[in-house]
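Trainee: The following block contains a protein sequence and its predicted model.
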Amino acid sequence: MSKLTKGLVVVLVGLVIWFIPVPAGLKPQAWHLFALFVATILGFILQPIPIGAVAFISVGLTGLLKVVSPADVLSGFGNTTIWLIVSAFLFAKGFIKTGLGRRIAYQIMSAIGDSSLKLGYAMALSDLIVAPATPSNTARAGGILFPIVRSLCSAFNSEPGDSSRKIGSYLITTTFQGNVITSGMFITAMAPNSLIVALAAQTAGVNISWGTWALAALLPGLLCLLVAPYLIHKIYPPEITHTPEAKELARSELSKMGPMSRSEKIVAGVFVLALVLWATASFTKLDATMVAMVCCGIMLVGQAITWTDVIEEKGAWDTLVWMGALMSLAGALNKLGLITWFAKQVGGALTGVSWAMALGALMIAYLYSHYAFASISAHVTAMYAAFLAVAVAAGAPAFLSAMSLGVLSGVMCGLTHYATGPAPIYFGAGYVPQGTWWKVGFVLSVVNAAIFIGVGGVWWKMLGFW
């Protein structure tokens, strides 16, 4: 399908919905906004033009057609959570530019990398340490970890093809699946998580701070990281199990890097400061976004990053545009009553069904419908608020519903070779056949979902979150 055809499909779908008679109980304004919203999401999926451009045009049309006032349609760009993500992108820039991310990975590898299984844990631990400051899981997995894991594969003469099963297939799969888990552990570990936070507040009145999300995901996330490398080692084992060469490679790379540079020390210090202030925000009452912006300012003053780096960080500004637009549209949909109306319609059909069964069915549908998506952001935008509204309408606890769907948005990253940004990078390395990739992805999705929701649900109850 050509880009022109995709664009025409997006416009046609929007027009068809616009001119369908307005359902009973809805204002015409709400229905017309829904038409624009659906067209926007379809544009995100088909991408006749970049996602940011689709969002930009959608905002303009919404205001021009007077569906929503210009002030309301631009209100999402003032959302503090978006600026937290922009700031986290700049943290990631510091990790990558200074080499601190690579140094952390090599340090861990030099300490525990003497077996293939330990190497799997080393890569997962490296990802975990960097995750709170890298909202682009693509930048984290692709920019920091992929060059390292690819070098490891070559060090063991494990290349795509006949030698891939020596160790390369295992390391590629484990590093990617580790990134899947960490993507669901922090608001700042994956850009769509900030959208989830905003939608949870708008749809169900659930306010999830950085510290609340991190604490809620801590126990189940660590358990998933403990299980995943071992499970992959069992179902997709490498031929090489003893890897003393990995330690030597790590030490060699660390030697080439030399001692920590001044810029690395600044980034490391600022990162620790940010983590401490984010984690203690419930006591200090400091806003997480303001903390992040001040910390980025320290990196700028210390010249760990430059203003040119900030300007050229395209991922941050692209995210600001499309996420600001979506928050505006989603907020307006909720304000005009469409989400409430939808929840009542579906909730009525669930009369007599326990909230636990309703929530379980919604979670399964939400997770595995991602086979039809190539973007976590598009999936979250299309389904999160609606599914959360239905769950709450069915009687499910608001926090349990919001957090469950939130962490599943990370779990779904591992399903396919197109499920999230890092997937094409790791799959494209040529080490893992598509059938195996999907098989491992499905098995891990079941295990991760069971731990995040099963253990997590009990953990959240113990913490008094629901």
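Mentor: Happy to help now that I have it.

Trainee: Pull stretch 195-203 out as PDB, backbone CA atoms only.
Mentor: Provided in PDB are the C-alpha atoms of stretch 195-203 (Å, rounded to 0.1, in the frame of the first residue of the first chain):
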ATOM      1  CA  LEU A 195       0.700   8.700  28.400                       C
ATOM      2  CA  ILE A 196      -0.600   5.800  30.500                       C
ATOM      3  CA  VAL A 197      -0.200   8.000  33.600                       C
ATOM      4  CA  ALA A 198      -2.100  10.800  32.100                       C
ATOM      5  CA  LEU A 199      -4.900   8.600  30.800                       C
ATOM      6  CA  ALA A 200      -5.200   6.900  34.200                       C
ATOM      7  CA  ALA A 201      -5.700  10.200  35.900                       C
ATOM      8  CA  GLN A 202      -8.200  11.500  33.200                       C
ATOM      9  CA  THR A 203     -10.200   8.300  32.900                       C
END
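
Trainee: got the contact list for that stretch?
Mentor: Residues outside stretch 195-203 that contact it (C-beta atoms under 8 Å, 6 or more residues apart in numbering): 79, 81, 187, 206-208, 213, 323, 326-327, 330-331, 334, 339, 377, 380-381, 384-385, 388-389, 392, 402, 405-406, 409. For every residue, glycine as well, the C-beta is placed using N, CA and C.

Trainee: ok, of those, which come out buried?
Mentor: The neighbour count (16 or more other C-beta atoms under 10 Å) marks 79, 81, 187, 206, 208, 213, 323, 326-327, 330-331, 334, 339, 377, 380-381, 384-385, 388-389, 392, 402, 405-406, 409 as buried among those.

Trainee: What confidence value was assigned to G168?
Mentor: Listed pLDDT for G168 reads 94.

Trainee: Pretty sure it sits against N157.
Mentor: No. Judged on C-beta atoms under 8 Å, G168 makes no contact with N157 at a distance of 9.4 Å.

Trainee: Who has more neighbours out of these two?
Mentor: G168 (27 against 11; other C-beta atoms under 10 Å).

Trainee: Show the contacting residues for that one.
Mentor: Here G168 is in contact with 153, 156, 158-160, 429, 431 (C-beta under 8 Å, 6+ apart).

Trainee: out of the residues you listed, who has the most neighbours?
Mentor: Counting neighbours by other C-beta under 10 Å, the top entry in the contacts of G168 is Y431, with 26 neighbours.

Trainee: quick one, phi/psi of that residue?
Mentor: phi -90, psi -20 (degrees, to the nearest 10).

Trainee: One more: H242?
Mentor: phi -100, psi 120.

Trainee: Please apply the same query to D287.
Mentor: For D287, the backbone dihedrals (degrees, to the nearest 10) come out as phi -70, psi 130.

Trainee: which residue is nearest the middle of this structure?
Mentor: Geometric centre of the chain, nearest residue: M190, 3.0 Å, by C-alpha atoms, centre = their mean.

Trainee: contacting residues around the residue nearest to that one when sequence neighbours are not counted?
Mentor: Nearest residue to M190 in three dimensions, chain neighbours excluded: S183, at 4.1 Å (C-beta to C-beta, 6 or more residues apart in numbering). Neighbour list for S183: 131, 137, 189-190, 193, 410, 413, 420 [criterion: C-beta under 8 Å, 6+ apart].
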